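Trainee: Here is my input; please provide its structure:
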Amino acid sequence: MAKYSKKAQEKIGEVMSEFKKGKLKTSAGKKVTDRDQAIAIGISEADQAGYKVPELPDKKRSSKQSDKKTTSKQSDKKTSSKQQKQSKK
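Mentor: This is a model prediction of the structure:
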């Protein structure tokens, strides 16, 4: 399990209490209705405040990077097929 500092835990707790009272807002000013979103906001605020917050797990990080890699490979394939058609003419 990931370790959060005591200050980070307190910050997340404060955000969760705001959520329970119905006072937590998104950056767009809308009311937060999802518990997971409230936790994400708390972790983000704790990280911005400089408290010890663990990084993303490798699974989530690698899946985001692999999506970027596949799109670039697909665009390379499109250009290579166009080049082959032109060279045949």
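Trainee: Quick one: the helices in this protein, in order.
Mentor: Counting by DSSP state H, the chain has helices at residues 6-21, 35-48, 58-88.
Trainee: quick one: the first one to helix 35-48, angle?
Mentor: Angular relation of helix 6-21 and helix 35-48 on a 0 to 180 degree scale: 140 degrees, by axes from the mean of the first three to the mean of the last three Cα atoms, to 10 degrees.
Trainee: Show me which residues of helix 6-21 are buried.
Mentor: Within helix 6-21, the residues that count as buried by 16 or more other Cβ atoms under 10 Å are A8, K11, I12, V15, M16, E18, F19. Every C-beta, even on glycine, is put in place using the N, C-alpha and C of the backbone.
Trainee: Which one of the helices of the chain has the poorest average confidence?
Mentor: Lowest mean pLDDT of the helices of the chain: helix 58-88, a mean of 62.
Trainee: so what's the backbone phi/psi at A28?
Mentor: Reported as degrees, to the nearest 10, the phi and psi values for A28 are phi -80, psi -10.
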